[in-house]
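Q: Compute the structure for the input listed below.
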Amino acid sequence: MKNSAIIPEARIEYKDKLITRTLLMIGGGKAPKPEWLSMTRFISDGLWCIDHGADAAMDAGLVPELLIGDGDSSSDAAWKWAEDNRAEILRFNPEKDYTDTQLALDRAKGLDNNSFVILTGCFGGRLDHLYSTLFSFCHTDICGIMADSAELVVPLKAGDSITLEPLKKPFAISLLPISEKASGVTISGVHWPLNNATLTQAMPYAISNEIEGHSISVKVGDGCVALYICWQE
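A: Below is the predicted model of the structure:
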């Protein structure tokens, strides 16, 4: 039984989840380093690109199975490259309500329950895009993470429990309430642990923590929290 996922910077073990397939999604935010993309693609089972994410995939020489979006931010060359390499294309009218990332996440709901999604190309750039992506990703039923070589977000919902082993020392560790309130929040293996704490969006104080030891354990009783980790590059 596989209950863990890995990226070049960390290994994440889930207490009660079975993972049988890992899907890498490249969004249109800050492009991950090509070498990071190549390593992460190697340990994943599939690749989707979200609009401008096709440019990052093309630069890294990684052909997606699916390209989804409205084409307003990607280059024409990347779309043609994906088409020439027989990627499935889902192109939408730019005059739409949902973001390209939200459309990709909605399609990912059709994956089997044991799929794990690594969403990259989601940091940097505009705050409104990051805000939309963070809350949309954390509130789906998809099991997965947002990640690149510098940042990691692990959504944790009611009853979730993980142990995270960093493969290099984190610069900072934070807990970000995604629901209005999250209770029964516990974190250990850090300088400032919490035990059955309540976190609120109105006063998100559990930030800038430091690791002590080799791993971090987090569990959430109720609500939704994002474990955020960043590394110095």
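
Q: What residues of the helix ranked longest in the chain count as buried?
A: Across the chain, the helix with the greatest residue count (assigned by DSSP state H) is helix 127-138. Residues of helix 127-138 classed as buried: 129-130, 133-134, 136-138 (neighbour count, 16 or more other C-beta atoms under 10 Å). No exception for glycine: its C-beta is placed from N, CA and C like everyone else's.

Q: now swap in stretch 168-183 and tell me
A: 170, 173-179, 182-183.

Q: ditto for stretch 182-189
A: By neighbour count on 16+ other C-beta under 10 Å, the buried set for stretch 182-189 is 182-183, 185, 187, 189.

Q: and what of stretch 96-108?
A: Quick answer for stretch 96-108 (16+ other C-beta under 10 Å): 99-105, 108.

Q: Can you work out which other helices and strands pack against the host helix or strand of residue 25?
A: For residue 25, the enclosing helix or strand under DSSP states H and E is strand 21-26. Judged by 3 or more C-beta pairs under 8 Å, 6 or more residues apart in numbering; DSSP states H and E, the packing partners of strand 21-26 are helix 34-42, strand 46-50, helix 53-60, helix 100-108, strand 115-120.

Q: how about a cut-off of 7 Å?
A: In terms of contacts (3 or more C-beta pairs under 7 Å, 6 or more residues apart in numbering; DSSP states H and E), strand 21-26 is packed against strand 46-50, helix 53-60, strand 115-120.

Q: quick one: contacts of stretch 41-53?
A: Contacts with stretch 41-53, where a contact means C-beta atoms under 7 Å, 6 or more residues apart in numbering, come from 6, 21-28, 57, 62, 64-71, 73-74, 82, 100-101, 104, 118, 121.
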